[in-house]
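Enquirer: Just a sequence and a predicted model for now, questions to come.
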Amino acid sequence: MAAEQAGASTAQPAPRDFFSDMQPLKNDLQRQRYLSDVLMRLPLEQRLIAQQLLATVENELGLYDEAVRDFPFDNRVPFKGDLPQPGEWQADDAVEAITKLATDRHIVMINEAHHDAHTRALTLALLPRLRAEGFTHFAAEALSDSDAGLMQRGYPVVASGTEYLHEPLYGEIVRQAIKLGFVVVPYESEVGDLAEREAGQARQLYRKVFQADPKARLFVHAGYAHIDKVVGNLGGKVQPMAMLLKRLSGFDPLTIDQTRWRDIGSDVGSANYRQLIALYQPQGPVVLRRRTDGTPWSSDPAAHDLDVLLPPVGHQRRPRWLSLDGLRTSHLITTDLCAKHIPCVVEARYAEESDDAIPADRYTFLNVDSMNSLFLYPGAYHLRSWDADGRTLIQRNITVPKP
């Protein structure tokens with residue numbers, strides 16, 4: 001999947017033993033340590049994939065700032081047009097705008113940057129709104145067909161899909177989709193090259209959703225250019241999944257990009273983003289809408305229908321967006337939970353879920369004598385810390401009160 005995540009990058013292939021070296025590693029923390037160590041020993045032309053994988057596992061470990069810092073990457077074709085100006089365009093709340101645009105659609109697709117969990121918060125907020133609009137199925141790229149008990153269990157576990165799912169907000173998306181009554185659909189295709197993967201994903205979605213129920217309405221959370229309706233961002237003549245699903249189903253999907261206009265943690269290549277932030281000063285995800293006729297703005301209208309502008313990350317020890325608009329509160333944690341083992345991971349699971357459930361939140365301490373926060377909904381949790389060998393260090397039960 002790494003090559004797909006980087007889209008049409010020009011990186012050279014990693015050393016032949018690079019991925020095989022990671023196979024025996026037992027957990028996310030071991031992968032993070034391995035990638036951190038190997039990165040600087042790789043030739044410059046081979047570092048992109050390692051940077052990408054390091055950022056992805058940092059994201060999964062709750063190190064969100066570090067992930068974006070270590071991979072300040074935008075894989076889309078550079079934007080060279082004129083930026084929308086406030087005299088002609090206004091900023092609308094993205095949840096409200098997308099819900100309205102989805103009213104008469106059978107398919108809505110939104111993308112993410114795999115190493116940046118900020119691009120998952122909007123999907124979580126859209127789930128109840130689209131369910132209320134009559135959407136019946138939710139499809140997530142990270143899920144695997146192997147977890148036959150997912151819907152009955154009601155929450156994802158480590159074996160439910162790829163490592164992407166280890167990141168807590170992704171787990172929360174799947175958990176909430178099930179609670180809301182969506183039919184949750186895995187659709188990954190691992191056969192063949194990139195072009196065949198796109199075609200395989202489209203076939204899976206068509207067969208599992210529209211062939212089974214022609215009246216179904218589908219919400220898809222995918223990576224990067226899978227949601228494009230024309231060739232280009234995947235390189236060459238590769239036809240994206242959304243383009244192929246449109247052809248198979250006969251439904252034109254509403255496609256939403258939120259990977260371009262986000263805080264990438266670097267000034268390099270982000271001048272346009274900074275200009276838009278200065279012009280509109282968003283406090284949450286926004287969609288730009290033309291004042292005269294309400295048309296949403298798209299930086300690449302042939303590929304996707306609208307762009308989401310994500311605000312700067314901001315901080316409250318960890319990124320401010322982790323509060324999910326105030327629905328979650330911060331719970332202070334310190335390295336006392338690590339029992340003198342650094343690095344260590346501290347994670348909170350819902351009290352009623354199993355030990356292999358995807359955590360509600362997690363954070364990884366890399367330095368001694370430090371503190372940070374978990375962001376949690378009100379309720380009861382089982383708190384556990386563990387070291388690089390996977391050994392449990394400290395366990396305790398906590399309750400997060402209502403604010």
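Expert: Ah, there it is.
Enquirer: Residue 394: what secondary structure?
Expert: strand (DSSP: H, G, I helix; E, B strand; the rest coil).
Enquirer: what about this structure, any weak spots by pLDDT?
Expert: When residues are selected by pLDDT under 70, those of the chain lie in 1-18, 74-77, 267-269.
Enquirer: now the end-to-end length of stretch 147-164.
Expert: When the termini of stretch 147-164 are compared using Cα to Cα, to the nearest Å, they are 15 Å apart.
Enquirer: and it, which residues are buried?
Expert: Residues of stretch 147-164 classed as buried by neighbour count (16 or more other Cβ atoms under 10 Å): 147, 150, 153, 155-158, 160-161, 163-164. (Glycine included, C-beta is placed from N, CA and C.)
Enquirer: For the residue lying farthest from the centre of the chain, grab phi and psi.
Expert: The C-alpha centroid of the chain is most remote from residue 292, which lies 33.3 Å away (Cα atoms, centre = their mean). Per-residue torsions, residue 292: phi -80, psi -40 (degrees, to the nearest 10).
Enquirer: what's near enough to touch it?
Expert: Residue 292 makes contacts with residue 88, as judged by Cβ atoms under 8 Å, 6 or more residues apart in numbering.
Enquirer: and what of residue 88?
Expert: Shown here is residue 88, whose contacts under the criterion Cβ under 8 Å, 6+ apart are 290-292.
Enquirer: For the closest residue to residue 284 other than its chain neighbours, give me its contacts.
Expert: Using Cβ to Cβ, 6 or more residues apart in numbering and skipping residues adjacent in sequence, the residue nearest residue 284 is residue 311, 6.2 Å away. Each residue near residue 311 by Cβ under 8 Å, 6+ apart is listed here: 263, 277, 282-286, 321.
Enquirer: what do you get for residue 111?
Expert: Shown here is residue 111, whose contacts under the criterion Cβ under 8 Å, 6+ apart are 119, 221-227, 256-259.
Enquirer: and which of these is nearest residue 110?
Expert: Closest approach between the contacts of residue 111 and residue 110, by Cβ to Cβ: residue 256, at 4.4 Å.
Enquirer: how is this protein carved up into domains?
Expert: Here the chain is described, according to automatic domain parsing, as comprising the domains 2-70, 89-307, 328-400.
Enquirer: what number of residues lie near residue 106?
Expert: The number of residues packed near residue 106 is 21, by other Cβ atoms under 10 Å.
Enquirer: Verify the stated contact: it with residue 246.
Expert: No - Residue 106 is not in contact with residue 246 according to Cβ atoms under 8 Å; the separation is 10.3 Å.
Enquirer: what's the burial count for residue 184?
Expert: Residues near residue 184, counting by other Cβ under 10 Å, number 19.
Enquirer: that older thread, out of the domains of the chain, which comes closest to residue 78?
Expert: The stretch from those with the least distance to residue 78 (Cβ to Cβ) is domain 89-307; that distance is 7.8 Å.
Enquirer: Residue 111 in helix, strand or coil?
Expert: When classified by three-state DSSP, residue 111 comes out as strand.
Enquirer: Distance check, it against residue 140.
Expert: Here residue 111 is placed at a distance of 12 Å from residue 140 (Cβ to Cβ, to the nearest Å).
Enquirer: dump the residue contacts of residue 133.
Expert: By Cβ under 8 Å, 6+ apart, the residues touching residue 133 are 99, 102-103, 217.
Enquirer: hang on, I meant residue 120
Expert: For residue 120, the set of contacting residues under the criterion of Cβ under 8 Å, 6+ apart consists of 112, 167, 169-170, 173, 221.
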